[in-house]
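Chemist: can you look at this prediction? I've put the sequence above it.
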Amino acid sequence: MGVVNVTPDSFSDGGRYADTPRAVAHGRRLLADGADLLDIGGESTRPGATRPLVSEELDRVVPVIEALAGDGATVSVDTMRAEVARAAVAAGATVVNDVSGGLSDPGILEVVAATGATYVAMHWRGHADRMERLASYDGPGGVVAAVRDELAERVSAIRSAGVSDAQVVLDPGLGFAKGATHNWELLAGLDQIAALGFPLLVGASRKSFLGRLLADEAGEPRPVDQREAANVALTVLLAQRGIWGVRVHDVRSSRDALRVLERLAHPTSPKESV
């Protein structure tokens, strides 16, 4: 899943693709680099971010979705709002990627049920302006058990809204109301989340826990645009564990790594031309 942030304030590339022509051009580059799915978002969810008006979010994402879906791309809309999800699907999106898992706007589940769109439900505890205060996981089993159980509650709500299990993908929500240690524990315990019986999407690309892992001797985290090698390593490890998808900013590097993995799985295939 290649990321197209049509926002002025996303943590990784805010402002770089904030208008329709640049966002569409970026989406086309990601497709050329091997993206299977383009995730178009008009609201930053970085810690501390403020929410745009619904009209602003619609103006950001709908024209980009129309253009890329018109090219034949498989498109996802990254939104927490039912109104935006409805307009996005009408514009050609076939996936709704909701970081709130239906908690922010329960009406989004009705949109998914009515349209038949694939629904990515992420683990979430609150909006960006307060989520860091919600990163407490002191119960038995720690963060892995809490995320598993809270996602199971979301699955019950999703089913009650008339969404079929075949439409659902789950996301453990790395970095959302979670500290660096929580993220690593979740990655190590993904089998427990997968035991819920749904495909998993993981979004680790360029996040702060990778920057902290790669900090210099003075403890300064690695800059956002210098964390790609670590993310590629995660992409390979997650692919080996059968994860459904990874959400990435640099599609080419992850795709190249997956091509190596696929080639090693078939070592006796005809040799590539020299």
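Modeler: Ah, there it is.
Chemist: my understanding was that Y119 contacts S164; is that so?
Modeler: No - the criterion here is CB atoms under 8 Å, and Y119 misses it with S164 at 9.6 Å. For the C-beta atoms, the positions are set from N, CA and C on the backbone; glycine is no exception.
Chemist: more crowded one of the two?
Modeler: Y119 (26 against 12; other CB atoms under 10 Å).
Chemist: any chance you could map the strands in this structure?
Modeler: Along the chain, the segments classed as strands by DSSP state E run 2-5, 38-41, 75-78, 95-98, 118-122, 168-171, 201-202, 245-246.
Chemist: now the fifth one: mean pLDDT?
Modeler: Within the predicted structure, the mean pLDDT of strand 118-122 is 98.
Chemist: now do the third one
Modeler: Confidence for strand 75-78, expressed as mean pLDDT, is 98.
Chemist: residues in contact with it: which ones?
Modeler: 1, 37-43, 61, 65, 68-69, 84-85, 88-89, 92-97, 99, 118, 120 (CB atoms under 8 Å, 6 or more residues apart in numbering).
Chemist: with stretch 234-242 instead?
Modeler: In contact with stretch 234-242 (CB under 8 Å, 6+ apart) are residues 187, 190-191, 194, 202, 204, 246, 248, 254, 257-258, 260-261.
Chemist: apply 10 Å and report the result again.
Modeler: Contacting residues not belonging to stretch 234-242 are listed as 174, 187, 190-191, 194, 199-202, 204-205, 210, 228, 243-246, 248, 253-258, 260-262, 265 [CB atoms under 10 Å, 6 or more residues apart in numbering].
Chemist: out of those, which sit inside helices?
Modeler: Judged by DSSP state H, these include 187, 190-191, 194, 210, 228, 253-258, 260-262 as members of helices.
Chemist: so which of the residues you listed comes closest to A180?
Modeler: Ranked by distance to A180 (CB to CB), the ones in helices among the contacts of stretch 234-242 are led by L210 at 8.9 Å.
Chemist: and that closest one, how many neighbours?
Modeler: 25.
Chemist: which among the contacts of stretch 234-242 end up buried?
Modeler: 174, 187, 190, 194, 200-202, 204-205, 210, 228, 243-246, 248, 253-255, 257-258 (16 or more other CB atoms under 10 Å).
Chemist: and stretch 38-56, how far from the chain's centre?
Modeler: 13 Å (CA atoms, centre = their mean, to the nearest Å).
Chemist: and it, which residues are buried?
Modeler: Buried residues in stretch 38-56 (16+ other CB under 10 Å): L38, D39, I40, G41, G42, E43, S44, T45, A49, R51, P52, V54.
Chemist: same check, this time on stretch 164-181
Modeler: 167-180.
Chemist: redo those as CSV? Include pLDDT.
Modeler: Rendered in CSV, the data for those read as follows (pLDDT from 0 to 100):
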residue, pLDDT
Q167, 98
V168, 98
V169, 98
L170, 98
D171, 98
P172, 98
G173, 97
L174, 97
G175, 94
F176, 94
A177, 94
K178, 95
G179, 94
A180, 95
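Chemist: can you redo those residues as a markdown table with distance to R22?
Modeler: Shown next, in a markdown table, are the buried residues of stretch 164-181 (distance: CB to CB, whole Å):
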| residue | distance to R22 |
| --- | --- |
| Q167 | 32 |
| V168 | 33 |
| V169 | 28 |
| L170 | 32 |
| D171 | 27 |
| P172 | 31 |
| G173 | 28 |
| L174 | 27 |
| G175 | 25 |
| F176 | 27 |
| A177 | 31 |
| K178 | 31 |
| G179 | 34 |
| A180 | 32 |
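Chemist: where do the helices sit along this protein?
Modeler: Using DSSP H, helices in the chain cover 20-32, 54-70, 82-91, 107-115, 142-160, 180-188, 190-194, 208-213, 228-240, 251-264.
Chemist: got the ones you listed as TSV, with distance to M131 columns?
Modeler: Compiled in TSV, those are given as follows (distance: least, CB to CB, whole Å):
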stretch	distance to M131
helix 20-32	26
helix 54-70	19
helix 82-91	20
helix 107-115	18
helix 142-160	14
helix 180-188	12
helix 190-194	19
helix 208-213	13
helix 228-240	21
helix 251-264	26
